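Peer 1: Curious how this folds, go ahead:
(one chain, ligands or ions: 1)
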Amino acid sequence: MDLKPKHNSPVLTDPVPVNNSRLGLPSNITPYSPQGPAYPSSSMYLTISRRKPMPSKLDDVRHGGLPDAMGSSSPPRKKLNKDFSSESASVEQDAAYRTWMLKYPSALNALEHITTCAKGKKIALFLDYDGTLSPIVDNPDHAYMPTAMRTAVKNVAKYFPTAIISGRSRDKVYEFIGLTELHYAGSHGMDIIGPVRESKSIDDHPNCIRSTDKQGKEVNLFQPASEFLPMINEVFRSLVENVKDIRGAKVENNKFCVSVHYRLVDEKSWPAVAHCVRDVLKDYPRLRLTHGRKVLEVRPVIDWDKGKAVEFLLESLGVSNCDDVLPIYIGDDRTDEDAFKVLRERNRGYGILVSSVPKESKAFYSLRDPSEVMEFLNALVKWKKSAAS
Ligand SMILES: O=P(O)(O)OC[C@H]1O[C@H](O[C@H]2O[C@H](CO)[C@@H](O)[C@H](O)[C@H]2O)[C@H](O)[C@@H](O)[C@@H]1O
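Peer 2: Just a heads-up that it's a prediction; the model follows:
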């Protein structure tokens, strides 16, 4: 069955490229490139070199340019139209969005196509957290999930195996969501709790151990970057110290990665933020730097990402080689592209990008914002209920 939607339109790229030299930013920020894999990624398993970092990514980090500048890393919030020029700009933006949607149709409009493809199959759902289940807010500690969204996620998990894959620490994202019926992967998939099942490939994995979850249930705990824990804690402390005089900068410990937020930093001080991060990272060749929505993210150089996490979870759920499973991944950020790419390349499910502005993506479909995500989840439940009756 053909899973692909029809793509007929010219491709639009990320809006408003920002002049790097104006920002005066250093060259050690790695772009996310949906076009190319971060690493060769055919196997589910990763190898961590104890001495040498992986060269291609490291070269990017140390010597590459700043391709997607800090300024364009998150769409601006909608401004009130004060005059004619802003009104016409908004008309143009709407037109550009509609054109973009020809290539990335709304998943709400494509529901019939999706559910037709899902007939006789089991849908497995993968959900990002920030910007997908909770709206983007200034303070990352206040990114609460609306009650209606929690209900929608709870309902959807009754019918489909559902996993959260977040850049946050697993504990933090669990605190925000608080639903025991889901599977959780934190630190961009570097910290996964999955169900226990007889799977040789998972049981034999050196980074996978048996553990118990908060409810005392036996689970598989998979932490491929565990050896980086002391290093990440050290870097976290140094970053906190280094940015302490930059107003608005905030460092978040996500267990196997660290986020340096600059959403509340005056634009004039963004180069200072980048300088502080570079200053710390120069002593850690086994760490790399990527950027998300107004955030710089420090991560171990390992062959693992959200795409690998999806493959791992499918394996854990016992459905990795089944033709009767339809994975759906919903996310808004650059790191979600790794998961979209896996689904697209294996031609075995749908990536859905959450974005209110046109963006190049490996996803098949789009949703404008978390409220549309909620609508989509509710629609899936409604379809499943009606199909069952
Ligand atoms: O993979 P995700 O679950 O989407 O996590 C990615 C990052 O999300 C958070 O930061 C983003 O959301 C914040 C709250 O809305 C916002 O203030 C920030 O500007 C965004 O970048 C989280 O705080 C990061 O640690 C995650 O890496």
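
Peer 1: just how off-centre is stretch 218-227 within its chain?
Peer 2: 19 Å (Cα atoms, centre = their mean, to the nearest Å).

Peer 1: Likewise for stretch 202-219?
Peer 2: A distance of 24 Å separates the C-alpha centroid of stretch 202-219 from that of its chain, computed with Cα atoms, centre = their mean.

Peer 1: what residues does that stretch touch?
Peer 2: Residues from elsewhere that reach stretch 202-219, judged by Cβ atoms under 8 Å, 6 or more residues apart in numbering: 45-46, 174, 180, 193-196, 220-224, 226, 312, 315-316. C-beta coordinates here come from the backbone N, C-alpha and C atoms, glycine included.

Peer 1: who's in contact with the residue nearest the centre of the chain?
Peer 2: When the chain is reduced to its mean C-alpha position, the nearest residue by Cα atoms, centre = their mean turns out to be residue 336, at 3.4 Å. Remark: with contacts taken as Cβ under 8 Å, 6+ apart, residue 336 is in contact with 128, 306, 329, 351, 353.

Peer 1: Pull the most distant pair out of these.
Peer 2: Spatial extent of the contacts of residue 336 (Cβ to Cβ) is set by the pair 306 and 353 at 13.2 Å.

Peer 1: sorry, back to before: filter the contacts of stretch 202-219 to the buried ones?
Peer 2: When neighbours are counted using 16 or more other Cβ atoms under 10 Å, these contain these buried positions: 46, 174, 193-195, 220-224, 226, 312, 315-316.

Peer 1: quick one: which of those sit in helices?
Peer 2: 174, 312, 315, 316 (DSSP state H).

Peer 1: how close does the third one sit to the ligand?
Peer 2: Same thing as residue 315. Taking Cβ to the nearest ligand atom, to the nearest Å as the measure, residue 315 falls 21 Å from the ligand.

Peer 1: Quick check: that residue touching residue 201?
Peer 2: Yes - with contact defined as Cβ atoms under 8 Å, residue 315 and residue 201 form a contacting pair (6.3 Å).

Peer 1: OK, contacts around the residue in the stretch 151-300 of the chain positioned nearest to the ligand?
Peer 2: Among the residues of the stretch 151-300 of the chain, residue 167 lies closest to the ligand, at 2.8 Å counting by Cβ to the nearest ligand atom. Counting by Cβ under 8 Å, 6+ apart, residue 167 makes contact with 129, 130, 186, 187, 188, 254, 257, 259, 292, 297, 333, 335.

Peer 1: Would you mind giving those residues as JSON lines with distance to residue 147 and pLDDT added?
Peer 2: Conversion of the contacts of residue 167 to JSON lines gives the following (distance: Cβ to Cβ, whole Å; pLDDT from 0 to 100):
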{"residue": "129", "distance to residue 147": "16", "pLDDT": "98"}
{"residue": "130", "distance to residue 147": "18", "pLDDT": "98"}
{"residue": "186", "distance to residue 147": "23", "pLDDT": "98"}
{"residue": "187", "distance to residue 147": "27", "pLDDT": "98"}
{"residue": "188", "distance to residue 147": "27", "pLDDT": "97"}
{"residue": "254", "distance to residue 147": "25", "pLDDT": "98"}
{"residue": "257", "distance to residue 147": "29", "pLDDT": "98"}
{"residue": "259", "distance to residue 147": "26", "pLDDT": "98"}
{"residue": "292", "distance to residue 147": "26", "pLDDT": "94"}
{"residue": "297", "distance to residue 147": "29", "pLDDT": "97"}
{"residue": "333", "distance to residue 147": "24", "pLDDT": "95"}
{"residue": "335", "distance to residue 147": "27", "pLDDT": "95"}
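
Peer 1: Fine by me, we can end here.
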